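Asker: below are the sequence and a predicted model for it; my questions follow.
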Amino acid sequence: MHDYSLIWLIPFFPLVGFIVNGLLGKKIGNEKVIGAIGTLAIAASFVVSCKMFFQLLGDVEKTHEVILFSWMSVGQLQIDWGFLLDPLSALMIMVVTGVGSLIHLYSNGYMHGEEGFYRYFAYLNLFCFSMLMLVLGNNALVMFVGWEGVGLCSYLLIGYYFEKKSAGDAAKKAFVVNRVGDFGFLIGLFTLFWALGEHGVWTFQFTKIAENAHLLPAGGVVVTVATLCFFLGATGKSAQIPLYTWLPDAMEGPTPVSALIHAATMVTAGVYMIGRMNGLFSMAPDTMMVIAIVGAATAIFAASIGLAQNDIKRVLAYSTVSQLGYMFLAMGVGAFSAGIFHLMTHAFFKACLFLGSGSVIHAMHHAYHKAHLHDDPQDMRNMGGLAKKMPITFITFFISTLAISGIPGLSGFFSKDEILWWAFSSTRGGWILWLIGFIAAGMTAFYMFRLVFMTFFGKQKTDARAKDHVHESPLVITIPLMVLGLLALVGGWVGIPAALGGANRFEHFLAPVFEHAQETYGIHSQHSLHAFEFPLMGCSIGIALVGIFLAWIMYVKNPELPGRLVARFRWLHTAIFNKWFVDELYDGLFVNATKRLGRYFWKGFDVPVIDGIVNGVGWLVQGSSRVLRFIQNGQIHSYAMTMVLGMVVIVAVYVFK
Amino acid sequence: MSEHLLSLMTFFPLLGMIVILFIPRENDGVLKGLTFVITLITFFISLPLAFDDVFKTSGGMHYTEFVKWISIGDYFQMNYNLGVDGISLWLVLLTTFIMPIAVLSTWQAVEKNTKGFMTLLLLLETAMLGAFLALDLFLFYVFWELMLIPMYFLIGIWGGKRRIYSAIKFFIYTAVGSLLMLVAIIFVYYYALKSGQPFEQGFSISHFYQLNIPAAYQTWLFLAFAFSFAIKVPMFPVHTWLPDAHTDAPTAGSVILAAIMLKMGTYGYVRFAMPLFPDALHQFTPFLATLAVIGIIYGALVAMVQEDVKRLVAYSSVSHLGFVMLGVFALNIQGMSGGMIQMINHGISTGALFLIVGFIYERRHTRLITDFGGLAKQMPVFTTIFMIAMLSSIGLPGTNGFVGEFLIMVGAFEGELRWFTIVAASGVIFAAVYMLWMFQRVMFGELKNPANQKLKDLSVREVVLMLPLLLFIFWIGVYPNTFFEKMNPALDQLINQIKGKQQVAVVETINPVQHKID
């Protein structure tokens, strides 16, 4: 018999790690011990996750729920602390704990010598706990605990260097923007709760929602509104238009945090959530269309900004936003499994890219420190030629770049191509969606190779005094890079499509979660278009190569060319470089307007109007009491008693005479 | 003993106060210590209530006490009548729980005339407990007025710069409301006698509940009660006494004011205004819900631009209490439970926040946000506790605030309040804005101000008095059923009672027409 009752251990270990390091970390003081506690906590969950994963693989029954105890029990509303293990959540816990363990290990080296070392590991563990609650929750409320929990950890870790104002600002922005999304999530929950309640089903439980979703009219207002609200939540957490602006700023956090939270795991929560409620979303074609459009638009929009950034982490940040756009495009056209597939491969190659950039930044920082310089260690214009100095970092980074660019054989190729294919051929897709994704793919290849060329190729542009201090990072940093690089290389092989002679095990594995909705609501790739599959694949390989070639021309062959182009198209460059001025727009429209409104209410209404009336009454009373001074003895309680008794006597006499 | 438990609990602080009166005023430490012990004993006296399972099964009144008190001829009678049900249970326990913490907070904060301060605190506790436990409307009114006086002096004598203004403002607001309520109380009594209830029952609310007051009367009576309680809650637009009272009150006063006395207003709605006048309630629900929602947004927006931390927390109370009222007006079990638990939550989180503000005020004698910045580096323990209280206040899941807000909104989303809820839900965004922004400016950034560079982290006493609050922040966040299971039977009963009478009223308005046809 298969037993899943110990599933609670998976989030439990990081929680313990958080409590131990959070409460005692300062007393322990020893970095090795603190790091070991944090890393072992998540590694232990990885071990349990593996056991659960393989157990599920060999199990006929694919959906298991484990209830711990009741959380809220109020009338028809019954919510438990419960977990759900099915192929989707099993896959997610593998990604979260697997990539999480590697990043914890990496952090031991990267954060070495930081003042708040214990705080860092405590938060990182708390993050893993929240993320695991998010993916394992068997109802929307437990998911929401994780959902806001990861937001909190993101806030804490972005603001890790809290003495820097920019870090504090970025942290707050991330939290508040996410709250806007959470507002949507909550309204979605309420709508769903009462809509199903009208049919006698009072639940937030995912399995029950899926079972009873058919009670609601497909394509109806209720389903559309609820799913749109959920999607608003997803745009916040997963940095999609219009709520993506917090993610690039989130790069203020330490780089391993960017890798774990802002690339591999947390930001994919929105995609996961749609996957989790795929039945409901499939019922709302209008919502699905909105998701596909937003996803495609974000993919190309963020990629365009990525073209012109000089900060190595910012390029990767916009790249993440763009890749998340692909995932939403997939969810929107009903290619749920493809979206999750890309989620996984992206976790591998993007974590590797971020950690690689961290390795570079670490080396640059170290070199500048030795040379007593204060140059920006993240500016790619100060880099170049690092391939020889940092071979392991370079090779792993290069593999991941090939993967994200969609070079055949690597993980990103299979997942991205499946998304593009579905965007084109799905009953919920269209050629325009494909075209946008296709162009964005070319831009991806361009900006990624631009980054690689500027950082690793050509002459080393680092200040001469710091140049020779640049070294490869220690093993504790390079081992995670090598593992992730390998995964970026081979991680896609589980999902080789039938067209290429593969078995697409990945899709089969997730089929129990997605197949039902896809069959019920007629979502599939259209047979009449199958002739296009190979030509389209060729196109996407072609545009990737074009992107790489252009980057090579501009950043290796003719390094002066970008400068000339910028001079020629000054306005375009300004717009792109300044992120299309969206932050400024939001500041003007929302942030400042809200502050002004608050100030108006306070100084323009509370004080003059309401208090004006109250004080007026006060003056009146004082004025008249001057006349009645003879009964005034200055004791307010005697006034009160006199008033009370007087009222009683008057009314009593009047009433009962 | 158990048949007089409530009286013992209510009057124990008063007895203690009499003892305090005999202690010479120079013995500062003894006075504080003894007051702490008295409030602690009161808490232990009340504790058996928390473990009594009778509340799980029965929504009625328990531990009732009844003594004839004042009679005038054969037409006026008021009785000493106490009792506790699932609704007042947790508010009573909140009171006895908060009081020792409030007393502990005075250790260094109160320096002048300790004796007077302690006397008033104990008198206040008796008054508050009495008001929560009274089952006779007149007795309630006596306790209600009795609360006003100690608080007036606490603000007026031990307060901040504008203490006289704030105290008088507090007094005028509350007194005006109370007088209207008194007239309404007497009118209800008169009506009860008219409709044949024996006068020996006095102002017993359980008998008043059974009256069928005509809708036209209900409107005016309800408005009188609602106005009085709205001031106490406080609801927009009669909230402006609160920021002043809080800003000038000493820390212990603010804690008690926020944690307990504001609940007197919301409790007043649940216990008196709503069940006594169900038809008027029905009529005014959209209006009051509008005010509640305005309060949520307005309070949050004004909180955002405050320059004084304490005033910010005060305005946040306006916002939070708006949520409570919204939940209560939903008139279903989720909304009501959410509202009730949010009353407790607000007591805990906002109480904690006022204590926190008190800590830095005692150290720096300023509360202006611009005077701070970068404290996180200097005071890590303080930072952690502050952050937990803040997260609870903005309703992070896993803390108590989430459970309350969530249930309120689930409840209010049913039926006619749906659009109100959507607007109210945007309040959770603003809550994050004003709290995080303040927190960032006070705690994060560089520690530039030299006056802040020598700040000491929290003392053991300060941590100890915060720990119970932190415990409940997580307890209610993770396992609120402890509270719901004893609260819900009483709420169910109340809701059925109110809704039942509303339906009777509907039937009665139809029937007369039929009579005419006959």
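Answerer: Yep, it's here.
Asker: per-domain residue ranges of chain B.
Answerer: B:1-276, B:283-502 (the TED database).
Asker: any idea how far chain B is from the nearest residue to A:K467 once chain neighbours are set aside?
Answerer: Take A:K467 and drop its neighbours on the chain: the residue closest to it by CB to CB, 6 or more residues apart in numbering or on different chains is A:Q460, 5.9 Å away. From N, CA and C alone the C-beta is placed, and that goes for glycine too. For A:Q460, the distance to chain B equals 34 Å [CB to the nearest CB, to the nearest Å].
Asker: A:Q460: neighbouring residues, count only.
Answerer: A:Q460: 18 surrounding residues under other CB atoms under 10 Å in any protein chain shown.
Asker: helix/strand/coil for it?
Answerer: Three-state call for A:Q460 (DSSP: H, G, I helix; E, B strand; the rest coil): coil.
Asker: tell me the pLDDT at it?
Answerer: A:Q460 carries a pLDDT value of 76.
Asker: surely it touches A:G384?
Answerer: Yes. Counting by CB atoms under 8 Å, A:Q460 does reach A:G384; the two are 5.2 Å apart.
Asker: surely A:F414 meets A:V490?
Answerer: No. Counting by CB under 8 Å, A:F414 does not reach A:V490; the two are 10.7 Å apart.
Asker: out of the two, which sits in the busier spot?
Answerer: Neighbour count, other CB under 10 Å: between A:F414 and A:V490, A:F414 has more, with 28 against 13.
Asker: pull the contacting residues for that one.
Answerer: By CB atoms under 8 Å, 6 or more residues apart in numbering or on different chains, A:F414 lies in contact with A:341, A:345, A:492-493, A:495-497.
Asker: again, 10 Å this time
Answerer: A:338, A:341-342, A:345, A:403, A:406, A:408, A:491-497, A:500, A:502, A:504, A:506 (CB atoms under 10 Å, 6 or more residues apart in numbering or on different chains).
Asker: how about A:A441?
Answerer: The contact partners of A:A441, by CB under 10 Å, 6+ apart, come to A:299-300, A:303, A:322, A:326, A:404-406, A:412, A:416-417, A:419-420, A:539-541, A:543-544, A:546-547.
Asker: what of A:A174?
Answerer: A:A174 neighbours (CB under 10 Å, 6+ apart): A:151, A:154-155, A:157-159, A:236, A:239, A:245-247, A:249-250, A:252-253, A:261-262.
Asker: can you list the domains of chain B in a markdown table and add mean neighbour count and distance to A:I79?
Answerer: Compiled in a markdown table, those are given as follows (neighbours: other CB atoms under 10 Å in any protein chain shown; distance: least, CB to CB, whole Å):
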| stretch | mean neighbour count | distance to A:I79 |
| --- | --- | --- |
| domain B:1-276 | 20 | 19 |
| domain B:283-502 | 22 | 9 |
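Asker: between those, which one is nearest to chain A?
Answerer: The closest of these to chain A is domain B:283-502. By CB to the nearest CB, the value is 3.8 Å.
Asker: related to what we said a few turns ago, could you export the domains of chain B as CSV, including distance to chain A and mean pLDDT?
Answerer: Listed next are these as CSV, based on distance: least, CB to the nearest CB, whole Å; pLDDT from 0 to 100:
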stretch, distance to chain A, mean pLDDT
domain B:1-276, 5, 89
domain B:283-502, 4, 90
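Asker: Three-state assignment for the residue in the stretch 451-600 of chain A positioned nearest to chain B, please.
Answerer: With CB to the nearest CB, the shortest gap between the stretch 451-600 of chain A and chain B falls at A:G598, namely 3.8 Å. Recorded secondary structure, A:G598: helix (three-state DSSP).
Asker: walk me through the domains of chain A.
Answerer: A:289-558, A:585-656.
Asker: please enumerate residues in contact with the longest strand along chain B?
Answerer: In chain B, taking DSSP state E as the definition, the longest strand is strand B:62-72. Strand B:62-72 is contacted by residues A:648, A:652, A:656, B:2-7, B:9-10, B:48-49, B:52, B:54-55, B:76-86, B:89, B:133, B:135-136, B:138-139, B:142, B:199-200, B:202, B:204, B:206, B:490 when judged by CB under 10 Å, 6+ apart.
Asker: from those residues, which ones fall inside helices?
Answerer: Among the contacts of strand B:62-72, DSSP state H puts A:648, A:652, A:656, B:5-7, B:9-10, B:48-49, B:54-55, B:86, B:89, B:133, B:138-139, B:142, B:206, B:490 in helices.
Asker: about what we covered before: just the buried subset of the contacts of A:A441, written out for PyMOL, thanks.
Answerer: In PyMOL, this line selects whichever of the contacts of A:A441 come out buried by 16 or more other CB atoms under 10 Å in any protein chain shown:
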select buried, chain A and resi 299+300+303+322+326+404+405+406+412+416+417+419+420+539+540+541+543+544+547
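Asker: please enumerate the helices of the stretch 351-500 of chain B.
Answerer: Ranges of helices in the stretch 351-500 of chain B, per DSSP state H, counting those that start in this stretch, are B:375-378, B:380-393, B:400-412, B:418-425, B:427-443, B:460-478, B:481-517.
Asker: who are the packing partners of the fourth one?
Answerer: Think helix B:418-425. Applying 3 or more CB pairs under 10 Å, 6 or more residues apart in numbering or on different chains; DSSP states H and E, one finds that helix B:418-425 contacts helix A:165-197, helix B:278-304, helix B:309-330, helix B:400-412.
Asker: B:L211 belongs to a strand?
Answerer: No. According to three-state DSSP, B:L211 belongs to no strand; its state is coil.
Asker: so what's B:S58 up against?
Answerer: Contacts of B:S58 (CB under 10 Å, 6+ apart): B:85-86, B:489-490, B:493.
Asker: what's the burial count for the residue of the stretch 451-600 of chain A closest to chain B?
Answerer: 22.
Asker: verify the stated contact: it with A:V591.
Answerer: No. A:G598 lies out of contact with A:V591 (CB atoms under 10 Å); the separation is 11.2 Å.
Asker: now the common contact residues for the two.
Answerer: Common neighbours of A:G598 and A:V591 (criterion: CB under 10 Å, 6+ apart): B:V433.
Asker: where does the stretch 551-657 of chain A dip in pLDDT?
Answerer: A:618, A:621-657 (pLDDT under 70).
Asker: mind redoing it with 80?
Answerer: Applying pLDDT under 80 to the stretch 551-657 of chain A picks out residues A:559, A:562-563, A:573, A:575-594, A:598, A:600-657.
Asker: equivalent analysis for the stretch 51-200 of chain A, please.
Answerer: Across the stretch 51-200 of chain A, nothing is flagged by pLDDT under 80.
Asker: which element is A:L451 on?
Answerer: helix A:431-456 (DSSP states H and E).
Asker: show me how far that helix is from its chain's centre.
Answerer: 21 Å (CA atoms, centre = their mean, to the nearest Å).
Asker: what residues sit buried inside the helix or strand following that helix?
Answerer: Going down the chain from helix A:431-456, the next helix or strand is helix A:464-467, by DSSP H and E. With burial defined by 16+ other CB under 10 Å, the residues of helix A:464-467 counted as buried are A:A466.
Asker: which parts of the stretch 1-150 of chain A are strands?
Answerer: A:64-74, A:77-85 (DSSP state E, counting those that start in this stretch).
Asker: next, the angle helix B:400-412 makes with the longest one.
Answerer: Following axes from the mean of the first three to the mean of the last three CA atoms, to 10 degrees, one obtains 80 degrees for the angle between strand A:64-74 and helix B:400-412.
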